[in-house]
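Chemist: have a look at this prediction, sequence included:
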Amino acid sequence: MLGEGILKGLGETARNFAGSFVSAERLTTVQYPEERVAPIEATRDFPFLVYDGKDWEAGLRCVACQICEKECPPKCIYIVKSTDKKPDALGKPQIYPARFDIDISVCMSCQICVEVCPFEAIKMDTEFELSTTDRFGGLLYDRKELAKSNEYYHKIHPTEAAETDARLAEEKAKADAKAKAAAAAAAAKAAAGPAVAAAKPAAPVSAVKAADGEKQG
Amino acid sequence: MIEKADQIFVILSHWLVSFLPVWLQQPVHVLLSVVAIIVTFPALFAITVLLERKGLGRMQNRYGPNRVGPYGIFQPVADGIKSLTKEDIVPTSADAVVHFLAPVFLVVVVFMGYAVLPMGRNMTLVNMDAGLLFFFAIGASTELSVFMAGWSSRNKYSLLGAMRAVAQMISYEIPLLMSSVAVVMMTGSLSPNKIVDVQNQYTWGLPHWYIFTPWGLAAFLLFCVAATAETNRSPFDLPEGESELVAGYFTEYSGFKFALFFLGEYVGMLAISGLGTTLFLGGYSAPLQILNWVPSWCWFFGKVMMSMCVFIWLRGTLPRLRQDQLMNFAWKFVLPLTLLNLVVAALWRFMGDGWLRWVVCSAILLLAYTVMGRLGMRQKHIAPRSYRYAE
């Protein structure tokens, strides 16, 4: 009969109305500033720079290779290479970023910088409450604001961070082994023929240097 | 004591004017009543908006506004301040004068309707013999305001909205009037006070409200449908259908003018609820004789707010109609039924007392409702489309 559907609908809304007062599972609203949903592990919004150890400036993994700057689609990264070299967390002298700025008002959170970084130095953050009253300076993050410890990375993305650490350790082990092999070979060569060594004095040194370069990689 | 509580506003007004010289008493008394109306109904408007936002929220299983003050009760205040401080934009190509006048006119007209509504015992501002006629005449001029707004904005959405609004309001004006005419026929008077007086009698402690008769119930339901359409409320809110017309005829309004349209809409709803209450729900009379000690104005405002809740409930439930459905419903269903209802009301009047008229009148109305409903819902069975060349 005409009007049946209307009555049924009115019953439905009335049930919802009354039910929202008595059953908690009907009201799925999370009242944001007071209540929060824990972010899921894959959450990501803006990039940050990872550092090892305690001191952020010394521990930055970034070596200012500028790949991310070139790959960034909206061009929100600005890097100035240092002119000198500073020891990194492992004590190796490295070029470091004298400036590393990300304009997060331009950043589109595409994660391409993270994908291309060969040094695992830039990762995605989960911090989203970034509103500020200063829309130019307040949204332009310099390297100090971007630097966050590896422990923080472990806290926000545990699985991913563990994988990264494993990869880094593996690479380091490989580089160490290679360096060791190169050193051993050089030593063997030196022992085998002092005449050859005298003819080519620079060879072992260059071999060690090459191994060093790989270790950095 | 009970008498005093019932007449408290009348007594208060008389006491206040008693300080004035005699020649000034009558005008000031009227002025006081006008001010009371102009203060009361916007206050009710604020309460209704809050109720609506919270109620609709609950119907959709969310909280609704709950940030401004405890449980969000100051939300209407925040809304008011917001609309007052917003920039008032008039389009360059708009007709500035008409654009300005439209909301003002709407609010003025909408408030004038209250002049004839009995809001309690001895609480009618103008006790007019043709009060009902006055109310409908005033109510119909809101269409003018709507069309002024739509036309002067010089915006296609505004104009379309206004066209729709006018078409809809004129179509539903007729059922609205026709359903009320049944009441006028039975009462033999156009005076709202007289209509309430007739209903304010009791048999076995039960009131003689018109809604408790077959023709009254039918007229009330038809009146509700027409009133919903007349006030552009969901499911008849096509003139401001935001999914297709931005905001309909007030697309080009912002700031306080927009707030005035909003106010006009809700105050109009309150007015038409008041009229429905007066015509069918016994106005300010108590629903049971033993409840007569409650002040009469409590009953009036209680009933009006109840009807507002029904409006909100309907809005939370029903989807918007299509324009052709709206028109078909008005002309092919509501109007014939209201006309039939007039006949039924006459039958009721001349069949005399007894159970027979209950049976006959109810049967006629039910039959008509069922048959018309079936006819209206009958769907054309369209065969699967065949393609002559494409297959």
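Modeler: Right, received. Where do you want to start?

Chemist: just the C-alphas of stretch B:292-307, formatted as PDB.
Modeler: Taking Å, rounded to 0.1, in the frame of the first residue of the first chain, the C-alpha atoms of stretch B:292-307 are listed here in PDB:
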ATOM      1  CA  ASN B 292      -6.400  21.200  32.000                       C
ATOM      2  CA  TRP B 293      -4.400  22.700  34.900                       C
ATOM      3  CA  VAL B 294      -1.300  22.900  32.700                       C
ATOM      4  CA  PRO B 295      -1.100  26.500  31.200                       C
ATOM      5  CA  SER B 296      -2.700  26.600  27.800                       C
ATOM      6  CA  TRP B 297       0.300  28.200  26.100                       C
ATOM      7  CA  CYS B 298       2.400  25.200  27.200                       C
ATOM      8  CA  TRP B 299       0.200  23.000  25.100                       C
ATOM      9  CA  PHE B 300       0.400  25.200  22.100                       C
ATOM     10  CA  PHE B 301       4.200  25.500  22.100                       C
ATOM     11  CA  GLY B 302       4.500  21.800  23.000                       C
ATOM     12  CA  LYS B 303       2.400  20.800  20.100                       C
ATOM     13  CA  VAL B 304       4.300  23.100  17.700                       C
ATOM     14  CA  MET B 305       7.600  21.700  18.800                       C
ATOM     15  CA  MET B 306       6.300  18.200  18.500                       C
ATOM     16  CA  SER B 307       5.400  18.900  14.900                       C
END
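
Chemist: so for it, mean pLDDT?
Modeler: Averaging pLDDT along stretch B:292-307 yields 88.

Chemist: just checking the distance from the helix or strand containing B:A219 to the centre of its chain.
Modeler: Element membership for B:A219 (DSSP states H and E) is helix B:214-230. Offset of helix B:214-230 from its chain centre (Cα atoms, centre = their mean, to the nearest Å): 11 Å.

Chemist: next SSE downstream of it?
Modeler: Using DSSP H and E, the helix or strand that follows helix B:214-230 in sequence is helix B:242-245.

Chemist: and the next element down the chain from that next one?
Modeler: helix B:255-280.

Chemist: and that next one, what's buried?
Modeler: Neighbour-count burial for helix B:255-280, counted by 16 or more other Cβ atoms under 10 Å in any protein chain shown, picks out B:256-280. For glycine as for every other residue, the C-beta is placed from the backbone atoms N, C-alpha and C.

Chemist: name the single longest helix found in chain A.
Modeler: Longest among the helix segments of chain A by residue count, using DSSP state H, is helix A:158-192.

Chemist: spell out which residues of chain A are next to chain B.
Modeler: A:1-3, A:6, A:9-10, A:12-14, A:16-17, A:19-21, A:26-29, A:31 (Cβ under 8 Å from any Cβ of the partner chain).

Chemist: go again using 7 Å as the cut-off
Modeler: A:1-2, A:6, A:9-10, A:13, A:16-17, A:20, A:26-27, A:29 (Cβ under 7 Å from any Cβ of the partner chain).

Chemist: and of those, the nearest to B:V17?
Modeler: The closest of the residues of chain A next to chain B to B:V17 turns out to be A:F17 (Cβ to Cβ; 45.3 Å).

Chemist: quick check: A:K85 is in a strand.
Modeler: Yes - according to DSSP: H, G, I helix; E, B strand; the rest coil, the state of A:K85 is that of a strand.

Chemist: list the contacts of it.
Modeler: A:93-95 (Cβ atoms under 7 Å, 6 or more residues apart in numbering or on different chains).

Chemist: and with 10 Å instead?
Modeler: A:63, A:92-96 (Cβ atoms under 10 Å, 6 or more residues apart in numbering or on different chains).
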